[in-house]
Structures are given as C-alpha cells and as structure tokens.
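*Asks:* Below are the sequence and a predicted model; questions follow.
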Amino acid sequence: MPVSTKAQPSVEERAACESLVTALSRAMKNISFYEVRHPVVRDVLTQLHTDLTRYLTDKREFVIKFVNGYVVLQNAPLLTNRAAVGNLLGACHRRQAESLVFRRGVTLDELEQLVTVLAADTSEVEQEGGLGRVLEARGVERIVVGAPKGRPHSNWRWIHSTTLDVLRGAAAGVRTGRPMDVASVHASVGDIMDDVLGDRTLVHNLTSLKGMDEYTFIHALNICVLAGELGRHINLSREHLDELGTATLLHDVGKVLVPLEVLRKPAALDEVEFQIMSRHPVDGAIMLSREPRLPESAAVVAFEHHMHYDFSGYPQPTHPRHLHLFSLMATIVDVYDALTSTRPYRPPLPPQRALEVMQHECRGHLEPRLFGHFVAMLGPYPWGTLLGLPDGRMAVVTRPNASRPDNPLARVIALETAKPGIADSEVPVRQLAARGEFEVLDPATLGIDLTALLHGLHGDEVQGAAVPLS
C-alpha cells in the first residue's frame, strides 16, 4: 500500500489531535445523558477549550478531516479506535461534514454550540441548510464546516460510526421528549442487515468494535449485529431480520435515565445501585411503546431481555407469559457480548471461555435450542479467538470457516516488531500450523490487547496514506 509523500504530522501534533478529538467525542457522548451546560459536559468542553487555545497560540487554525471512517490530520489517519471517536465521526458523517476547522480565538460558547448542533435532530439541521449554516446562524465564526465534494465512501467504519450517532440521537431524544428519528434507526438497521446477509464485514469485525469508553452504545450495536447473525443462521426472513435488528439496537435505550455514576461505576453495583439499574427495561419499554413507527417487538424486547428463559432475571412478570423469540435471542447475545467486552472492573473473556461460562453458569437463563444454534453459528473458534501455533507464533481468528469449522481463517500477530500489528494475509489456521497442533490462548494473561490490534483490520487508503495495520 503506497505511503503518502506529503508531510506527516509531528508526534506533538498527533498527540494534540488525538486529545482534542477524543475530548470532543466524549462531549458528544455525554450530551446523550445531560444538557450541554451540565458539569459532565461542560467540564469536558472547558478542558477542550483550554487545550485548543494553547494549541492555537502559534497556529492560525486546527483542521481535522473525516475520510473513509478515519480521523485524518495532514493526510495521516489517526485514532483507529472506534470507541474513542465513534460519536464524532458518526455525527459529522450524517450531517455532511467532511472537515472541521477550529480557528484561533475559538470560544467556549462556540464549542458548546457545535456540540449542541451535532446532537440535534439530523432532519432539523438539514431543513435549516446544513451544519455550517446552522452554526453561522448561531453566531459561530471560528468553527468552519467543510462539506463533502462527492458522495462519501461507505464502509463498515461508516456504518459503525453512523449507527452510534443514531443511537446517541435516540437516547437524547427519549431523555428530552423529542420524537425519535425512527427513519434513521431503520436505515442503520438496513445497512447492518445488508452486511450480515452480504459480505458480513461488521460481523467479522465485532471484536474490533468493542471498547470500554463507549460501552453502552457499542454494546447495543454489537447486540444488533450478533442477533442479526443468529437470525440469519436460523433462516429468519429479511423482514423479520430488520424487525429483530430494530428491537435489539434499541433494547437498552432505558439506560439513558440511569445516572452516569451508576452506569459507569468501575466495580460491582451495591443493592441500591442495582435497583436503579434494573429499572432500565421498564423505562425502555415505556419509551419505545410511545413510538408508533416502531414494531411492537421493540418495546417487548426492551422489557424482556433481562428476564431470562427461566424467569430468574428482572423485572419479574406479574402474570404467566411466553417470552418473545427476539427477547430470547437478545438474552443470549447480550450475555455473550458482555462477557467478551472490556469492562472497567475486569478484562474480556476469550470467546471460547465465554461460551463455556454460558454453557455451565447460565444454563437456565438461556433458551437451549437457540443457544445451540448460537454455538454452532460461532463455531469452535469464534472470531477474535487467540491461537498459539506450534512454532511459537500467535494468530487471531478473523473469520470462521463455515465449511470447515475446525479450520478457521486467521492472521498471524507480529509482536516482535517496533509497532505490533497483524499480518495482511488471512490463512486457514491449519495451514499456519503446518498440520501440527494449535491451542487457544488467553490474551489477558499474555498482556496482549487484541482489541487495539484488531482495530486496524480491513483498512483502506486515505488519500494515498497508508492506514496502520491494514
């Protein structure tokens, strides 16, 4: 892959860009739960303003671009971590912003206006002439929006980021009483199910989508993708897949009413906090039942996804009931994604170990036939499984092999290089093992951050620049 001959940003410029963009994305995430003047949002923006002012002391402006799902600074792609910048990327992509220019003298009020407009309903922004026009009308002079010159390239990164923005908008909408942008929800689910039924790139990149900072929204996206894959496996129709995707994408929307200090607590919840958290299925069901453009199953799945097959979960039903098929599917993929995701209080479980825990410790919680389909769908070596090869090398499963479940496709991990990465070629693991034995490894015990490594898979060129780890 060619490397750009243009000047690359310095280490200092890279660090500044990553800090500024991450802060802006964090403010976008927090505004889903609080108003822009709330300290949780304002403190982030105040620090961002201080950093921007310092950075622009000897510079006229600070320019960031968004290309093919990457943040780009001086033609160099940065921040491949989807969890760090997914909100900002998605918000700008959906509002036709190819770049943001921050000029010297930018004020805190202008940053607040930017975040507020990025969080506003997309259709309202379009009706008022687009993001740039709305900012101008609000007196924002030192933040300039660059419109795309052509149709933006669509790939799994854009699907991911756009869906995060749709979820953020839905969460903000139900919190403030604003009508939900159901059309955007349906469009995002359509893109996801197209991928599930097509080349399944999102499915094969689930591990690289996981992150701790954006857990609530990325978890919902993962549940939608995994449920869609399970639905494909049991031969649901496309109509039912779209309905399942909509229900699972919105299943946790009730968490918007859970205080952030409870939602993000880096430890087990105490009894009072658990009672607060356990309200989210009821709250979510009430919110979604008020939206006539959503299928009825959306409110049902929100209400039932923690009940468990044996009704040992919550909320406890007051009358006998049969759980919806989609709720039973959501419960299975919800448990799997939670076990295999990084949390503040524990590392993720390897996929194979997560399935073992589900088999032995969650027996009554999961509908047995659906769980059997789920295990068969993932295969003996699910994507993201770390394997040890006979020659001492390690490889990560990047694509299950439907025709040969015991021989998944994998990529060798290069840890001995200055910058660890993953090989370009995807090879059947038994070919890598030269017909020898290979074993499943636990990345946490080896100090390997698979999520960080996998963020670079399926990279594309960004205006001639080589995307890291592609």
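*Replies:* Cool, the structure landed.

*Asks:* Run through the stretch 101-250 of the chain and note the low-pLDDT ranges.
*Replies:* Applying pLDDT under 70 to the stretch 101-250 of the chain flags residues 148-158, 205, 207-215.

*Asks:* At which residues are the strands of it located?
*Replies:* Assigned by DSSP state E, counting those that start in this stretch, the stretch 101-250 of the chain shows strands spanning 143-146.

*Asks:* Would you agree residue 63 falls within a strand?
*Replies:* Yes: Residue 63: assigned to a strand according to DSSP: H, G, I helix; E, B strand; the rest coil.

*Asks:* Find the residue closest to it in space, skipping its chain neighbours.
*Replies:* residue 101 (5.0 Å; Cβ to Cβ, 6 or more residues apart in numbering). Quick note: C-beta positions are derived from backbone N, CA and C, even for glycine.

*Asks:* do the same with residue 87
*Replies:* In space, not counting the residues next to it along the chain, residue 87 is nearest to residue 28; the distance is 3.9 Å by Cβ to Cβ, 6+ apart.

*Asks:* buried sites along stretch 413-432?
*Replies:* The neighbour-count check on stretch 413-432 (16 or more other Cβ atoms under 10 Å) flags 413, 421-423, 426, 429-430, 432 as buried.

*Asks:* Can you tell me which of those is nearest residue 279?
*Replies:* residue 422 (41.7 Å; Cβ to Cβ).

*Asks:* So what pairs up with that closest one in the strands?
*Replies:* Taking DSSP bridges, one obtains residue 413 as the residues bridged to residue 422.

*Asks:* Per-residue pLDDT of it, please?
*Replies:* The model reports residue 422 with a pLDDT of 73.

*Asks:* That one reaches residue 412, doesn't it?
*Replies:* Yes: using Cβ atoms under 8 Å, residue 422 is in contact with residue 412, at 7.3 Å.

*Asks:* So residue 414 is in contact with residue 448, correct?
*Replies:* No: counting by Cβ under 8 Å, residue 414 sits too far from residue 448 to count as a contact (11.8 Å).

*Asks:* can you give me the helices for the stretch 151-300 of the chain?
*Replies:* Per DSSP state H, counting those that start in this stretch, the stretch 151-300 of the chain has helices spanning 156-176, 182-197, 201-204, 206-209, 215-233, 238-249, 260-263, 271-277, 280-289, 296-304. These are given in chain order.

*Asks:* List the buried residues for the helix or strand containing residue 370?
*Replies:* Here residue 370, judged by DSSP states H and E, is contained in helix 368-378. The neighbour-count check on helix 368-378 (16+ other Cβ under 10 Å) flags 370-371, 373-375, 377-378 as buried.

*Asks:* what sits up against it?
*Replies:* Helix 368-378 is contacted from outside by 229-230, 233-234, 309, 328-329, 332-333, 336, 351, 355, 358-359, 400, using Cβ atoms under 8 Å, 6 or more residues apart in numbering.

*Asks:* now it: mean pLDDT?
*Replies:* 94.

*Asks:* do the same with stretch 72-84
*Replies:* 61.

*Asks:* List only buried entries from the contacts of helix 368-378.
*Replies:* Neighbour-count burial (16+ other Cβ under 10 Å) is assigned, among the contacts of helix 368-378, to 229-230, 309, 328-329, 332-333, 336, 351, 355, 358, 400.

*Asks:* So which of those sit within helices?
*Replies:* 229-230, 328-329, 332-333, 336, 351, 355, 358 (DSSP state H).

*Asks:* got the contact list for stretch 227-240?
*Replies:* If you take Cβ under 8 Å, 6+ apart as the criterion, stretch 227-240 is touched by 192-193, 196-197, 200, 203, 241, 244-245, 248, 326, 329-330, 332-333, 370, 373-374, 376-377.

*Asks:* can you give me how far stretch 356-367 is from the chain middle?
*Replies:* Averaged C-alpha coordinates place stretch 356-367 at 26 Å from its chain's average position (Cα atoms, centre = their mean, to the nearest Å).

*Asks:* measure that stretch end to end?
*Replies:* One end of stretch 356-367 sits 15 Å from the other (Cα to Cα, to the nearest Å).

*Asks:* again, but for stretch 125-142
*Replies:* Across stretch 125-142, the terminal residues are separated by 19 Å (Cα to Cα).

*Asks:* Stretch 306-319 too?
*Replies:* Start-to-end, stretch 306-319 (Cα to Cα) is 16 Å.
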